[in-house]
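Novice: All I have is the shape, not the residue letters:
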Ligand code: HEM
């Protein structure tokens, strides 16, 4: 085939599937992202699969993926089933909005999560980091084996809830919090419903569908209470509009020009709650998974922490964080090896061509972003945990280092607007924990499995914390 000849989807290879059901039986597991990776190995960077006749193109080619992400919102949108499922759950916000509606949502959300505002929210991150540090000190004295996945989830829920609507939760110190439990129900159900061939829950409610309904109702009631309270507060004190203190206040101020409906305001608060938690806490868990096996990296983070914020327990000012370069490199490296969003789903708005592939309007495409992040072609010693590769000054010229194939935060105009907030939370917590503790993995590394529930997390992950002498 000549270099410029168009490739038709019908000529793409396909891994072996089942009669009628196609690739669905293999895909319907707790680790569907690994099934996809296996297919990439089997069929190459570009292939097609089908779920009961519904066809998907899969790309693990970084150039193809980058071009697709950048041709939004005009040429591609998110897979339409995501919008259908989220709307059915009452979520009508920036993640599932498209076209001009998306532009209207994105502007205020990007503003609220901007670097300037992360600096403003920084005391919340410090407060929650300190709360978790005190809890881990007790764990370390009692030699408790810690389920870090759960602890990090509480950490990100407490931060995101306070940033979202100024509500001080303390799920870090509560044994069980109903709001946390309600939120935890949502992601697995989105994951299940987006790939379900038949929407069974619309005809018959299973136990888990009823649990989801109860959780959604409780979240809705709580968020609407906050919307009403915040509106009242801003009406009574219009001077506060100049300095909104949380996401909801900022959104209501922007709303004087953006004209969101109440449902859209609710949808965006819910989106922030969902988008900001599992992604960040799972990335933290994977980072600790690696640190517990790399004491030399823990020691380097500690040396840096001692040099940068000296006798302080944690980096108390926002300005300090940019000096925590090694802690940041550790987080980047964990995200390269274990991206919590290894695949993203899209649909073509019109006929188009990407990297010589002719894509008709309506084509569904899965971008597999993880494979490239661990390929020899882009990173030397690709499967090794080597945070030094992210330290520009220590990156030897002869080594391969291609950070622009990283898609952990997506790409193009719809890249994750919470990226700076997430990186700040993670760098601060990892630096603080390494300053105070050594870690021991209480499970064999090979027993820690990658599980996928819309985001990818390690399970089981048990770690003990040993105080630094
Ligand atoms: C390590 C943590 C995080 C990861 C790995 C992550 C990853 C992602 C990815 C892959 C996307 C899709 C991007 C695309 O389509 O190109 C996304 C979108 C989004 N994320 Fe994040 N995210 C993280 C943290 C956060 C946080 C802390 C927030 C907010 C508090 C947030 C809010 C959002 C929103 C609102 C979108 C939708 C953007 C749009 O459609 O325009 N994320 N995130």
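Specialist: Received it, and whenever you're ready, just let me know what you need. Model, not experiment: these values are computed from the prediction. Numbering: from 1, shown residues only.
Novice: ok, the closest residue to residue 138 other than its chain neighbours to residue 136 distance?
Specialist: Spatial nearest neighbour of residue 138, excluding adjacent residues (C-beta to C-beta, 6 or more residues apart in numbering): residue 144 at 7.9 Å. Glycine gets a C-beta too; all of them are placed from N, C-alpha and C. From residue 144 across to residue 136, the span is 9 Å (C-beta to C-beta, to the nearest Å).
Novice: And the two? Which one has more around it.
Specialist: Taking other C-beta atoms under 10 Å, residue 144 and residue 136 do not tie; residue 136 has more neighbours (21 against 15).
Novice: Please look at that one and residue 438 and confirm they touch.
Specialist: No. Residue 136 is not in contact with residue 438 according to C-beta atoms under 8 Å; the separation is 11.9 Å.
Novice: Okay, buried residues for stretch 103-115 please.
Specialist: For stretch 103-115, the buried set under the neighbour-count rule, 16 or more other C-beta atoms under 10 Å, comprises 104, 105, 106, 108, 109, 112, 113.
Novice: now do stretch 162-169
Specialist: Buried positions in stretch 162-169, judged by neighbour count with 16+ other C-beta under 10 Å: 162, 163, 164, 165, 166, 167, 169.
Novice: Just give me the least confident of those residues.
Specialist: Within the buried residues of stretch 162-169, the minimum per-residue pLDDT falls on residue 169 (79).
Novice: does it really touch residue 161, like I thought?
Specialist: Yes. With contact defined as C-beta under 8 Å, residue 169 counts as touching residue 161 (4.9 Å).
Novice: if we can go back for a sec, sort out for me which of the buried residues of stretch 103-115 are in helices.
Specialist: In helices, defined here by DSSP state H, the members of the buried residues of stretch 103-115 are 104, 105, 106, 108, 109, 112.
Novice: Among those residues, list the two that are farthest apart in space.
Specialist: Across those, no pair lies farther apart than 104 and 112, at 14.1 Å, counting by C-beta to C-beta.
Novice: Of the ones in helices among the buried residues of stretch 103-115, which are in range of the ligand?
Specialist: Among those, the residues within reach of the ligand (C-beta under 6 Å from any ligand atom) are 106, 109.
Novice: Including pLDDT, could the ones in helices among the buried residues of stretch 103-115 go into a markdown table?
Specialist: Formatted as a markdown table, those follow (pLDDT from 0 to 100):
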| residue | pLDDT |
| --- | --- |
| 104 | 89 |
| 105 | 90 |
| 106 | 92 |
| 108 | 83 |
| 109 | 89 |
| 112 | 85 |
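Novice: quick revisit: and the residue nearest to residue 138, how far from the ligand?
Specialist: Note on residue 144: its distance to the ligand, by C-beta to the nearest ligand atom, to the nearest Å, is 26 Å.
Novice: Ok, residue 351 next?
Specialist: Distance of residue 351 to the ligand, given as C-beta to the nearest ligand atom: 22 Å.
Novice: cool, residue 36 as well?
Specialist: Here residue 36 is placed at a distance of 15 Å from the ligand (C-beta to the nearest ligand atom).
Novice: which ones are touching residue 264?
Specialist: The contact partners of residue 264, by C-beta atoms under 8 Å, 6 or more residues apart in numbering, come to 92, 93, 105.
Novice: Which secondary structure state is assigned to it?
Specialist: helix (DSSP: H, G, I helix; E, B strand; the rest coil).
Novice: and it, how far is that from the ligand?
Specialist: 13 Å.
Novice: Next: residue 38.
Specialist: 22 Å.
Novice: which other helices and strands contact whichever strand or helix holds that residue?
Specialist: Residue 38 is part of helix 32-43 when elements are defined by DSSP states H and E. Judged by 3 or more C-beta pairs under 8 Å, 6 or more residues apart in numbering; DSSP states H and E, the packing partners of helix 32-43 are helix 24-27, strand 46-51, strand 54-59, strand 364-368, helix 370-373, strand 449-453.
Novice: quick one, which of the ones you listed is nearest to the ligand?
Specialist: Closest of these to the ligand is strand 364-368, at 9.1 Å (criterion: C-beta to the nearest ligand atom).
Novice: The closest one near the ligand anywhere?
Specialist: No. Applying C-beta under 6 Å from any ligand atom, one finds strand 364-368 out of contact with the ligand, separated by at least 9.1 Å.
Novice: that older thread, reformat the buried residues of stretch 162-169 as JSON lines; add distance to residue 248.
Specialist: Converted to JSON lines, the buried residues of stretch 162-169 look like this (distance: C-beta to C-beta, whole Å):
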{"residue": "162", "distance to residue 248": "11"}
{"residue": "163", "distance to residue 248": "9"}
{"residue": "164", "distance to residue 248": "6"}
{"residue": "165", "distance to residue 248": "4"}
{"residue": "166", "distance to residue 248": "7"}
{"residue": "167", "distance to residue 248": "9"}
{"residue": "169", "distance to residue 248": "15"}
